[in-house]
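This is a predicted model, with the sequence first.
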Amino acid sequence: MIDRTALADFLRTRREALQPEDVGLSRGPRRRTRGLRREEVAALSHMSTDYYARLERERGPQPSEQMLAAIALGLHLSRAERDHLFRLAGHVPTEHGPAGDHVSPGMLRILDRLEDTPAEIVTELGETLRQTRLGAALTGDASVRTGPARSLGYRWFTDPRTRALYDPADHAFLGRLYAAGLREIVGRRGPDSRAAALADDLLAVSPEFQELWSAHEVGLRPAETKRFVHPSVGPLDLHCQVLTDPGSSHSLLVYTAVPGSESAERLGLLAVVGELAG
């Protein structure tokens with residue numbers, strides 16, 4: 001059963017322990033709140049302020065596992081704290097492993113300091129767990145994606161809008177890259193893994209994926225420079241630096257342009273244009 005009092009106390013304590021600078025926010029000269037404000041945690045957790053506030057006031061419905069996972073990310077909880085949050089809310093903590101969605105606080109702290117740079121944290125299946133504002137402007141708002149479509153590889157074979165973001169000259173290789181990468185993950189994780197389920201989903205809907213899958217190709221690696229074709233600012237040649245968390249299968253992708261280049265100028269324009277639809 002949900003322990004509303006303990007849940008509210010835990011949320012309030014963790015919120016007050018976080019400072020704006022810890023999550024990439026500006027403190028402001030007149031700030032008096034101890035720690036973060038409720039609306040700031042709600043925004044970081046991609047939920048309404050009213051929903052989050054009711055939890056701290058011991059009200060509202062029992063939060064779902066999905067909502068708890070979002071709050072855990074918003075509050076930068078450790079794995080142990082995340083598990084504790086689940087138990088207080090009346091849920092059995094999800095198993096830890098390479099396929100988990102919980103991002104380490106350390107990697108979140110790095111991402112929070114990249115607000116003026118396109119960056120995202122992704123799983124081994126290409127699911128964006130967290131992104132900067134410019135990251136969302138570059139590749140779309142990941143928070144609106146659900147189900148298999150959370151995976152970039154799945155969207156590549158099922159959503160023409162995804163392909164439209166990349167240089168057509170790279171399409172053939174990228175299709176091979178995503179199929180080969182998924183085959184490697186299935187081999188590593190096994191036939192009962194989420195990777196295997198994603199492959200089955202793609203085999204059911206994409207003849208192109210079926211053909212590439214049947215080639216049994218592995219060992220392809222992405223180019224360091226990714227060539228985007230953004231609908232608002234045009235072509236972007238961006239260097240992709242990857243930082244992998246040794247404690248999980250998550251990777252932090254950071255996109256930068258050569259200083260003084262046209263891509264750098266367009267990246268600056270992208271910061272003004274705003275988010276791309278998911």
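Looks like it came in fine.

Give me the distance between residue 146 and residue 93.
In this structure, residue 146 and residue 93 are 22 Å apart, going by CB to CB, to the nearest Å. For every residue, glycine as well, the C-beta is placed using N, CA and C.

Looking at the two, which is more packed in?
Applying other CB atoms under 10 Å to residue 146 and residue 93 shows that residue 93 carries more neighbours, namely 16 against 9.

Identify the residues contacting the more buried one.
For residue 93, the contact set (CB atoms under 8 Å, 6 or more residues apart in numbering) comprises 82, 83, 86, 87.

Also residue 147?
With CB under 8 Å, 6+ apart as the criterion, no residue contacts residue 147.

And it, what's its pLDDT?
Each residue has a pLDDT score; the one for residue 147 is 93.

Wait, residue 179 touches residue 210, no?
No - checked against CB atoms under 8 Å, the pair residue 179 and residue 210 is beyond contact range at 9.5 Å.

Show me which of those two is the more surrounded one.
Between residue 179 and residue 210, counted using other CB under 10 Å, the more crowded position is residue 179 (28 against 14).

so the more buried one is in which element?
Using DSSP states H and E, residue 179 sits within helix 171-189.

So which residues make contact with that helix?
Taking CB under 8 Å, 6+ apart as the rule, helix 171-189 contacts 98-99, 124-126, 152-153, 156-157, 163, 166, 193, 195-196, 198-199, 202, 208-209, 212-213, 215-222.

which element is residue 114 on?
In this structure, residue 114 sits in neither a helix nor a strand according to DSSP H and E.

If you count contacts, what does the helix or strand hosting residue 268 end up packed against?
Counting by DSSP H and E, the element that carries residue 268 is helix 262-273. In terms of contacts (3 or more CB pairs under 8 Å, 6 or more residues apart in numbering; DSSP states H and E), helix 262-273 is packed against helix 133-139, strand 234-244.

For that helix, buried residues please.
Across helix 262-273, burial judged by 16 or more other CB atoms under 10 Å covers 263, 264, 266, 267, 270.

how about a markdown table for those residues, with pLDDT added?
Shown next, in a markdown table, are the buried residues of helix 262-273 (pLDDT from 0 to 100):
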| residue | pLDDT |
| --- | --- |
| 263 | 97 |
| 264 | 96 |
| 266 | 95 |
| 267 | 93 |
| 270 | 93 |
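
re the thing from before, so which of the contacts of residue 93 belong to helices?
Judged by DSSP state H, helices contain the following of these: 82, 83, 86, 87.

Who wins on neighbours among the residues you listed?
residue 82 (21 neighbours).

quick one, what contacts it?
By CB under 8 Å, 6+ apart, the contact list for residue 82 reads 68, 69, 72, 93, 102.

now do residue 63
By CB under 8 Å, 6+ apart, the contact set of residue 63 is 55, 71, 89.

Now flag whichever of the contacts of residue 93 is closest to residue 62.
residue 86 (11.5 Å; CB to CB).
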